[in-house]
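>>> I would like to see how this sequence folds:
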Amino acid sequence: MGPGDEEFLKLTGQQLNWLLDGFDISAMQGHKKLQYESVF
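This is a model prediction of the structure:
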């Protein structure tokens, strides 16, 4: 990135708290969807 090239990221309050706590929010992913074939 050169001078004048800026990138902005909109954060929620919770994401800001995670950043301040030291979490890497770019590495966080949601849960994967589970698919069950049978239920006992």
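
>>> so how far is stretch 7-23 from its chain's centroid?
For stretch 7-23, the gap between its own C-alpha mean and the chain's C-alpha mean amounts to 9 Å (CA atoms, centre = their mean, to the nearest Å).

>>> helix, strand or coil for residue 17?
The local conformation at residue 17, judged by DSSP: H, G, I helix; E, B strand; the rest coil, is helix.

>>> Could you report the neighbour count for it?
By other CB atoms under 10 Å, the residues close to residue 17 number 11. Quick note: C-beta positions are derived from backbone N, CA and C, even for glycine.

>>> same deal with residue 20?
As a burial measure, residue 20 scores 8 neighbours (other CB under 10 Å).

>>> For it, give me the pLDDT.
On pLDDT, residue 20 comes in at 94.

>>> With residue 10 instead?
Taking residue 10 on its own, its pLDDT is 90.

>>> And residue 23, its phi and psi?
In this entry, residue 23 is assigned phi and psi values of phi -80, psi 150 (degrees, to the nearest 10).

>>> now this structure, which segments are flagged as low pLDDT?
For the chain, applying pLDDT under 70 flags the ranges 1-3.

>>> separation between residue 17 and residue 35?
Taken as CB to CB, to the nearest Å, the spacing of residue 17 relative to residue 35 amounts to 33 Å.

>>> Repeat that for residue 4.
Between residue 4 and residue 35 the computed distance is 48 Å (CB to CB).

>>> likewise residue 26?
From residue 26 across to residue 35, the span is 27 Å (CB to CB).

>>> and if you look at residue 28?
The spacing between residue 28 and residue 35, counted by CB to CB, is 23 Å.

>>> where do the helices sit along the chain?
If DSSP state H is used as the criterion, the helices of the chain fall at 13-20.

>>> For residue 7, grab phi and psi.
Per degrees, to the nearest 10, the backbone of residue 7 is at phi -130, psi 130.

>>> That one - how many residues pack around it?
Residue neighbour count, defined by other CB under 10 Å, stands at 5 for residue 7.

>>> swap in residue 9?
When neighbours are defined as other CB under 10 Å, residue 9 has 7 of them.

>>> what do you get for residue 32?
Neighbour count for residue 32, taken as other CB under 10 Å: 6.
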